[in-house]
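Participant: just coords:
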């Protein structure tokens, strides 16, 4: 068996920040999960239609990997990001680091993880791998999934190279932390303003507040092409599997609270309160989707005004945050 010594899991709730948090904690650079999310400029919204998926995909954060890439850039971390279609190379990209005593972040389709009780294909899941033997790999997953877990080694390898929407492509990364001090007010201020400007000025209308309003406009038509059980899955993923909005709004609320320890600006608290108000509304949206199998189009219609309210709240909050100065 090969095992990273003195590995202590990071208690994360979202898979990508959990995986990165585990790597940083082991390197002696521990930040809260809301701080990781905020410095990764993670507050977002996107609606996408993938041909290989039976229903539109709704997400409350940036595309996979982008959050970690942005975090690394903002903190000047050295990120060794790899991907491959080779099973042999994919294994080498984890085993080499584990053997050297360094945990590795791994992207995998969660369908192939033994401990996942909900068997759906989702190739945007992340774990921190910290050991392996002939039969199993040992990973740190989110608190909801049990934190420190083991899963079948062959199925894990298959899940890393699964071909489908949001395919993992054998992706891994490791992180090296520079030995230097951080100008925390400047780093936090830049991350807040960048996130706000990106949210308010998206390159396409499927993103940000514009994307939320577009979703509200087209949502009632989805009942014609999307099966009721797929709406349930959509809501379940949003609320319980970390793709939607409530968890991320709670993260960003707490990030802004921490930011106020470093920055003094009247708009910080006001924006924080608006983000806090948005979080339970995202839970209501998810619950509306999950109720579609029982209530049909009435549930979708109930979601529409919630989305308009969310777009207004988040646009207001991000407009305030775009003015923050260190």
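Facilitator: That came through, no problem. Remember, predicted model here, so these are calculated numbers, not experimental data. Numbering: from 1, shown residues only.
Participant: which non-adjacent residue is nearest residue 94?
Facilitator: Nearest in space to residue 94, with sequence neighbours left out and distances taken as CB to CB, 6 or more residues apart in numbering, is residue 104 at 4.8 Å. Placement of C-beta: from N, CA and C, glycine included.
Participant: ok, the one you found to residue 137 distance?
Facilitator: According to CB to CB, to the nearest Å, residue 104 stands 10 Å off from residue 137.
Participant: remind me, longest strand of the protein?
Facilitator: Counting by DSSP state E, the longest strand found in the chain is strand 125-132.
Participant: partners of that one in the sheet?
Facilitator: Strand 125-132 sits in its sheet next to strand 2-3 (antiparallel), strand 104-108 (antiparallel), strand 136-140 (antiparallel), going by DSSP bridges.
Participant: Would you mind telling me which of those strands is nearest residue 153?
Facilitator: strand 136-140 (5.2 Å; CB to CB).
Participant: Show me which residues of the closest one are buried.
Facilitator: 136, 137, 138, 139, 140 (16 or more other CB atoms under 10 Å).
Participant: for the worst-scoring helix or strand of the chain on mean pLDDT, packing partners?
Facilitator: Lowest mean confidence among the helices and strands of the chain (mean pLDDT, DSSP states H and E): strand 57-59, at a mean of 86. When contacts are defined as 3 or more CB pairs under 8 Å, 6 or more residues apart in numbering; DSSP states H and E, strand 57-59 packs onto strand 46-48.
Participant: tell me the average confidence for the helix or strand hosting residue 299?
Facilitator: Using DSSP states H and E, residue 299 falls within helix 297-321. The average pLDDT within helix 297-321 is 96.
Participant: wait, what's in contact with residue 211?
Facilitator: Counting by CB atoms under 8 Å, 6 or more residues apart in numbering, residue 211 makes contact with 45, 46, 47, 202, 205.
Participant: secondary structure class for residue 273?
Facilitator: For residue 273, the assignment made with DSSP: H, G, I helix; E, B strand; the rest coil gives helix.
Participant: can you list the weak-confidence ranges in the protein?
Facilitator: 51-53, 326 (pLDDT under 70).
Participant: Buried by neighbour count: which residues of stretch 249-260 qualify?
Facilitator: 249, 250, 251, 252, 253, 254, 255, 256, 258, 259.
Participant: my guess is residue 192 meets residue 260, correct?
Facilitator: No: using CB atoms under 8 Å, residue 192 is not in contact with residue 260, being 11.0 Å away.
Participant: Could you give the backbone dihedrals for the closest residue to residue 115 other than its chain neighbours?
Facilitator: Leaving aside its chain neighbours, residue 115 sits nearest to residue 149 (4.9 Å; criterion: CB to CB, 6+ apart). Note on residue 149: its backbone torsions stand at phi -130, psi 170 [degrees, to the nearest 10].
Participant: circling back to that earlier point, which residues does the residue nearest to residue 94 bridge with?
Facilitator: Applying DSSP bridges to residue 104, the residues it is bridged with are residue 129.
Participant: isn't it right up against residue 171?
Facilitator: No: taking contacts as CB under 8 Å, residue 104 lies outside contact range of residue 171: 10.5 Å.
Participant: picking that back up, quick check: of the buried residues of stretch 249-260, which lies closest to residue 226?
Facilitator: Closest to residue 226, out of all of the buried residues of stretch 249-260 and judged by CB to CB, is residue 249, at 24.7 Å.
Participant: Run through the residues that contact the closest one.
Facilitator: 43, 60, 275, 276, 278, 279, 282.
Participant: Turn the buried residues of strand 136-140 into a markdown table, including distance to residue 82.
Facilitator: Output for the buried residues of strand 136-140, formatted as a markdown table (distance: CB to CB, whole Å):
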| residue | distance to residue 82 |
| --- | --- |
| 136 | 22 |
| 137 | 17 |
| 138 | 20 |
| 139 | 17 |
| 140 | 19 |
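Participant: Closest one to residue 21 out of those, please.
Facilitator: residue 140 (9.0 Å).
Participant: what sits in contact with each of residue 104 and residue 137?
Facilitator: 94, 129.
Participant: about what we covered before: identify the residues contacting the least confident helix or strand of the chain?
Facilitator: 44-50, 165, 215, 234, 238, 243-244.
Participant: sorry, back to before: for residue 9, state which of the contacts of residue 249 is nearest.
Facilitator: Of the contacts of residue 249, the one sitting nearest to residue 9 (CB to CB) turns out to be residue 60, at 24.5 Å.
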